[in-house]
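Peer 1: Sequence first, then the predicted structure:
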Amino acid sequence: MPDALIEITLDGRKLLVEPGRTILEVAESQGVKIPTLCNDRRLEPYASCWVCLVKVEKAKGFVPSCGTRVAPGMVITTGSPDVIAARRMALELLLSSHYGDCKAPCTLTCPSNIDIQGYLGLAANGRFQEAVDLIRRDNPMPSVIGRICPHPCEEACRRALVDEPLAINNLKRFVADVERRLGAPVVREPPPRTGKTVAVVGAGPAGLSAAWYLGEAGVDVTIFEAMDKAGGMLRYGIPDYRLPPEILDQGIAGMLGYGAVLRTGAVLGRDVTLEGLRREYDAVVVAIGAWKSRALRIPGEDHPAVLSGIEFLRRVNAHEKVTVGRRTAVIGGGNTALDAARCSLRCGADEVAIYYRRTREEMPASDAEIEEALEEGIRIEYLAAPVSVQADGAAPLSLTLLKMELGEPDASGRRRPVPVDGSEYTVGIDTVISAVGQYPDAKLLAALPGLVDARGDLAADRETGATAAAGVFAAGDLLTGTDIAIRAIAGGKHAARSVLQYFEGRKTPRPKEFLSRKEDLRKPVPADFSGVQRVPRARPAVAGAGARRRSYAEIERTLPLAQAQAEAARCLECGCHDVKECRLKEQAGDYDAVAQRFLGEVVVHPVDDSHPFISRDPSKCVLCGRCVRICLEVQGIGVLGYLYRGFTSLVAPSFGVPFGKDPTCISCGQCVSACPVGALTEKVPAAKNVPLDERVEEGVCSLCSAGCGLEYRWHGSLFTRVVERYAPPNRGKLCRKGKFGHGFLNGPAGTTPLDASGGRLGTAEAVHRVDGMIRAAKRPVLRISGRLCGEAIDGFLALARRHGMPVEGEGLAGLDSRWARLPVGGTGPGAEGCREPGAPLPIRILVGDVAAANNVIFTEAYRGRRERTADLWIVGMDASDPASARAASRLEPSLEALPGMLADAASAGAAGGSAVRGATVFVNPVELVKSAGTAGEKAVLDALEHAAARGAVSVVLLWNERNAGYLFGCIAAGSPAAGKPDLVLDAGTGQRADGAKLVAWDLSPREADLYLPLPRAYWISGRTHPSGGESIVVGAVDVEDLSAVLPQA
Amino acid sequence: MKAEIAVGMSSCGIAAGARVVLETLKADVAAKALPWTVVSTGCSGACHREPLVEIRQADGRTFLYGNVDEAGARRITVEHLAGGVPVADLLVPPDYPFLARQKRIVLANCGVIDPESIDEYLARDGYAALRKVLSSMTGDQVIAEITASGLRGRGGAGFSTGMKWTFARKAKGAKKYVICNADEGDPGAFMDRSVLEGDPHAVLEGMLVAAYAIGSDEGYFYVRAEYPLAVKRLGIAIAQATEHGLLGERILGSGFSFAVHVKEGAGAFVCGEETALMASIEGRRGMPRLRPPFPAERGLWDAPSNINNVETYANVPPIIRMGAPAYAAIGTEKSKGTKVFALAGKIARGGMIEVPMGISLRTIVEDIGGGIQGGRAFKAVQMGGPSGGCVPASLADVLIDYDSLTATGAIMGSGGMVVMDESTCMVDVARYFLSFTQSESCGKCTFCRIGTKRMLEALTRITDGRGSDADIPMLEELAAKVRISSLCGLGQTAPNPVLTTLRFFREEYTEHIAEGRCRAKKCKALIRFGVIAETCTGCMLCAKVCPTKAARGERKKVHAIDQATCIKCGLCHEACRFAAISIETGRH
């Protein structure tokens, strides 16, 4: 009889709950969210993190809800201010010694927060399309920005502490150019339309970006552009030698890919009005930029030979005929000044000088552009401010300047230039170009009634772009003041999001995300990276200064493939691998925790990368103890433990040996799945380890027939990892192979479908060919290994049914009753597959050290015994080991006892009414040889085969690293099909086909790995199977071979 | 009566030189063939007078000698033993106030009997309590007697011993354990060590009674390995008791059997916490776990277990012997019996004392302890070690009982009592105790592991002269949360020294922060040494002792101290015979 329900009060609500449950469990079931870091449903409550604390009336202090069981009359408060404050403090204390970057500094520095680490990693792993797709989430014109961005990200790159920062922008350009050259469509799947319409005013980077992100959300967008062509400052402010117009045109075409309509020549205030747009569209985004040059405010500047820099560049970029005098003086220090100076050369000037009132250090123009200008022969005069332009009626003009010196820093932090008395000097000049800043056109602002303040400046929320007019949003230079293109693109992205929120009736600003940053606790120093090998930064080829001086041809080249991949591999991977799933990050965000509140000593440990599959970063560890406990209490191993005491306490492998050197670790990955933060993370089975958004494919592990539930995680075509599922039979556990043995999915075998002559095949074609072979055979037979997973066998059985093919096979017997039974020696139509429901297996016999071969089977068999759902017999294992003694209902130390055990199992099964359901035998073949010797092993195998043949038991030979290629499939139960087959379809048994044509199915051409995987497509390769037959390989077909179309180093 | 010479041979005596005294007495008595037996005994408590030698004459008269060295031992043999005239200047007077106000129940045998002799223990009613319970009492009756005595746990928390035993007796389980917690770890506390070294059989007997009462047949002594003498004497006691049929199968012919093991702990402070202690016995890392389940329900190896500390068990045999009413007559209404304290610090007469509950703190400090050394002003008493708190001199009339002490913010604790005078900086005291608990935190709970670290850093900032106005609120905020958000007593009590010093000595904190002043002149960053020109004679002594040559000057001329090289070791101040070295504090 179940225990009577008890009454408790949870946050003022009276509830009837089952006794014995913890407060946390009860709260969860009531939809009350309580954060926790140390609680793990696979483990007993522990109460170390104290993030889950609640108040219980009459209890002393706070109580940990994870470990406190409900009691009659208990009055629990989970959300009072003191509880919230205490939880926040717990999180802040943890954060004060959690040393790591949630996201890489490059990404955080980027105005649009592009996932730079993500795309660099994808590029390093050869997943170029995925890299571009990832960039496009935050930057829809990568090939354009990849050419012109002054890349503040690279300033922030940690690699500068080792050698030089990553060539991030060159890599962006590289992957974007790969896509461009492959001609891949930018929009592959148009989104469903929402029926909403938005007008965007201005087709510069901000407007185009807004149009892209709105289009992506299914909004119909019309862009109104005053100029003849779209592009804004990208087109009219940046010279062709930096950004070729065809690249820009392609970029813009891509940004209109969601179907935005572009109407050029439409001037705000003349052709369209804000009121009209508001009437016609559901929302308006205004992104009209800042197109007016700031005046020099010196006498003589209205002389016709004094040009506005931005106007000059517009005409040059519009390919109008522009002439300048022999001697050109450019005033200013930004990129516009540099561009104007360099274009002056290309317009025919012989001497070009830039006058800037501070020094190079304060110059806002990018270093690369300054260097290139100097190379082209442009002179830069620092600490010089213009005083007047004198036109004495005849050319040349003269420009009078004043020498400056640097004084105290001003509001911008730059040192203020101070005139040096009596230092005037005059230079002769033909043309003056002023480029000292830009601002929005007042005439256009006047056409935005209600959006400007008393001074005539735009009034809008800097964060959301929202203006006083409902549904009207501003973006780009108009909102931010003149800035770099990627900030305008970010502005368009934010405006689009604001519009979408406006459509949903929400006004919330952009959601705040907690981000842990190393700088907040302790600035990284070169010594932190002492183990990193120095590799020089990749440098793209550039045209020589002489050749480019008068040319508008693009100066810089795209990096070649090999160099690009090598450069991407230099990335230090600063961002945390657990960033998408970190519980600490999530809870810190939920509780507005501030990492610096309890600033103090931080113990920084080196990252331990010695383990083949797991990366260990103790500096991020929050000492919740989950990994320690799961390793010891669930897996029975105890690799990880606590070291030291007090603040210096550390979780590490015993005696502090490197993780990968601990011989007891079975690489089950349980510690990784238990870790709530990024202290233990699995390595992506690819060249570069990179945290990415993942697509989930639920599946059943195909590496043995235990039937463990898991998730295959992918990012595009990159297989990232396997994550366990919490359902039976494995309940959140996996063995080493299940957790880390799927790396082959990223291997070369998983890429290209070939037929025998090396030609590519599609899936349908591959299946068609197999069908043809079977049809052509007189007596085809399907032979299936019991090691295959249930779904695989299902698939094969379907094939057999289709062809009426007899089936031979071992008994399949997993842990899960759903996969309980494979009919042995059955014929095609009768073979119903492994989904046939079967009763839970009453007896499980473990032969040899099964725990070593497959910990999941061992622990679950033990659980079956504990929970009385199955009997557990163990034979051939050390009987003095208390674990096996506790586990087993019958323990026989010597393998000689096996035949007797099998007989007992058979009779137990017979007594139960069905011999076939009697027992499943799990064998660790390696242990068999170790403990029985070769002769003994044969006797054991004979006994097993005999029992299996009689149908008395099912046998599962467990596979592990050490018995790779050994013994699989040798225990075929049941008799061969009548008549002699002429075609044997061999699914993983690895047996020879005497006299018959053998076609082996398998996933990977690696000889040792006879896998059969499931969720993948089929194709045929011409490889030879180790057993001598033809091999039909099953695997993935996703990534194109790009090497042929890319520039080579 | 036999003529005996007893030499105190506990760790304290040995450290003071008792071994030489013992050897000298033995040699001299043998050489002169005097009719005296030289024996070893435990600690009598008057540690400040060690080595102690007691002359027990055949006529029953006793003479106690203190601070006996080799020469003193010779004089005792010559003058007293051979000559019959007591050595007056070495005598500890019989009305010595240190002893006069004590009430010795637990320590009754300490310093009296030879702890390595079961016969001496038996001669003083040893194992009578065990005989009594085995022959005439049921387990329930024993528990009723202990409950009626009002005995509360002497480990610090003061939980009713009778109630604890009741839980363990009622717990279901064929196998039950009895554990003696001898993991004494408070800095300055040595009560358990002295009892184990001085009267091990009493503890063993108490444990046997407990085992009989709850129905246990196996027990553990958890003794820290830093107590080798206690471990050794416990081993001897166990062997002797086994030999005498007082331990093992069918004890004294009854149906009660008991086996006992000694587990030496590796010195982690947290292993004094019961669940951590049991984890340590089981071979795991000593880390506390969640309670409930309490040890009485699920303890060692998951079996119901009763765990008491050394002094609690040592109280059991006297209670059984004298009966609960007699015992309960001692002490106050809610705190019965006596309590053993280790009196240390700036006290004139330090040592181990046993006093009846209800005595005032002032009586202990002034009468028993003789007040402060050197006549300086009495400032505070730190009670209960790092888990306890500081009772200021203004509250010295507080009575020694569990509840009155808790009301001050301090705790009874296991018995550490560190007396402080005006030269003690209370911020520095808080910092010291917190640095102890911080480094002894097992690392499990967030608040204890990191919270105490951040508190310690704030205290260090303050004592280093880098404190800010934000530090005190932060200390208070952290202290408040750490005490209510930690799993075990270590974390829950770690903020106590900070909280009590903030409560009673807050102005010292603010002086450090706002004025850069340490009134005790302890915090090096806040003091500077100088030379008082008027009194300096130019004797050059300061220059001679200064390790960094910061103090210098010419003979017969006023010296000076170079602030840049002075490391503030204070040697000059100690060395100066003319009080010409000043210590200044506060911002200039």
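Peer 2: It's in.
Peer 1: In the stretch 651-800 of chain A, which residue sits nearest chain B?
Peer 2: As assessed by Cβ to the nearest Cβ, chain B sits closest to A:Val651 within the stretch 651-800 of chain A, at 8.9 Å. Heads up, the C-betas are built off the backbone N, CA and C, glycines and all.
Peer 1: Give me the contacts around the host helix or strand of that residue.
Peer 2: Element membership for A:Val651 (DSSP states H and E) is strand A:650-653. Here strand A:650-653 makes contact (Cβ atoms under 8 Å, 6 or more residues apart in numbering or on different chains) with A:603, A:605, A:608, A:616, A:618, A:621, A:623, A:625, A:627-628, A:639-644, A:659, A:661-662, A:665, A:679.
Peer 1: Note down every partner strand of it and its orientation.
Peer 2: Here strand A:650-653 is paired, per DSSP bridges, with strand A:640-643 (antiparallel).
Peer 1: and the partner strand, how far out from the chain's middle?
Peer 2: The chain centre lies 30 Å from the centre of strand A:640-643; the measure is Cα atoms, centre = their mean, to the nearest Å.
Peer 1: Name the surrounding residues that touch the host helix or strand of A:Ile84.
Peer 2: Here A:Ile84, judged by DSSP H and E, is contained in helix A:81-95. Contact with helix A:81-95 is made by A:35, A:37, A:49-55, A:62, A:77, A:516, A:584, A:587-588, A:591-595, A:597-598, A:622, B:446-447, B:450-451, B:454, B:477-478, B:481, B:484-485, as judged by Cβ under 8 Å, 6+ apart.
Peer 1: sorry, back to before: what mean pLDDT does the strand holding A:Val651 have?
Peer 2: When pLDDT is averaged over strand A:650-653, the result is 95.
Peer 1: again, but for stretch B:426-443
Peer 2: Stretch B:426-443 comes out at a mean pLDDT of 96.
Peer 1: mind checking how far B:Ala123 is from B:Gln240?
Peer 2: Distance, B:Ala123 to B:Gln240, by Cβ to Cβ, to the nearest Å: 13 Å.
Peer 1: Nearest residue to whichever residue of the stretch 201-350 of chain B sits closest to chain A in space, please, no chain neighbours.
Peer 2: Chain A sits closest to B:Leu290 of the stretch 201-350 of chain B, with a gap of 4.3 Å, by Cβ to the nearest Cβ. In this structure, B:Leu290 finds its nearest non-sequential neighbour in A:Gly67, 4.3 Å apart by Cβ to Cβ, 6 or more residues apart in numbering or on different chains.
Peer 1: wait, that neighbour sits on A:Ser48?
Peer 2: No: A:Gly67 lies out of contact with A:Ser48 (Cβ atoms under 8 Å); the separation is 9.5 Å.
Peer 1: Contacts only, for A:Val690.
Peer 2: Going by Cβ under 8 Å, 6+ apart, the list of residues near A:Val690 reads A:Gln117, A:Gly118, A:Leu120, A:Gly121, A:Leu122, A:Ala124, A:Asn125, A:Glu573, A:His577, A:Val684.
Peer 1: Repeat the analysis, applying 6 Å as the threshold.
Peer 2: Shown in contact with A:Val690 (Cβ atoms under 6 Å, 6 or more residues apart in numbering or on different chains): A:Gly118, A:Gly121.
Peer 1: Assumed it was part of a strand.
Peer 2: No: going by DSSP: H, G, I helix; E, B strand; the rest coil, the assignment for A:Val690 is coil, not a strand.
Peer 1: pLDDT at it, what is it?
Peer 2: A:Val690 is given a pLDDT of 91.
Peer 1: distance of it from B:Ser135?
Peer 2: With Cβ to Cβ as the criterion, A:Val690 and B:Ser135 are 78 Å apart.
Peer 1: Check B:Gln563 too.
Peer 2: 76 Å.
Peer 1: Going by proximity to chain A, name the top residue of the stretch 51-200 of chain B.
Peer 2: Closest point on the stretch 51-200 of chain B to chain A, by Cβ to the nearest Cβ, is B:Ala157, at 11.8 Å.
Peer 1: And for the residue nearest to that residue when sequence neighbours are not counted, the neighbour number?
Peer 2: Leaving out its chain neighbours, the residue that sits closest to B:Ala157 by Cβ to Cβ, 6+ apart is B:Gly489, at 7.0 Å. Using other Cβ atoms under 10 Å in any protein chain shown, B:Gly489 has 18 other residues around it.
Peer 1: Over to the one 10 residues further on?
Peer 2: Using other Cβ under 10 Å, B:Leu499 has 22 other residues around it.
Peer 1: was I right about it contacting B:Lys481?
Peer 2: No: between B:Leu499 and B:Lys481 no contact is recorded; they are 12.0 Å apart, counting by Cβ atoms under 6 Å.
Peer 1: And the helices in the stretch 851-1000 of chain A?
Peer 2: Here the stretch 851-1000 of chain A has its helices, by DSSP state H, counting those that start in this stretch, at A:855-866, A:882-887, A:898-911, A:925-949.
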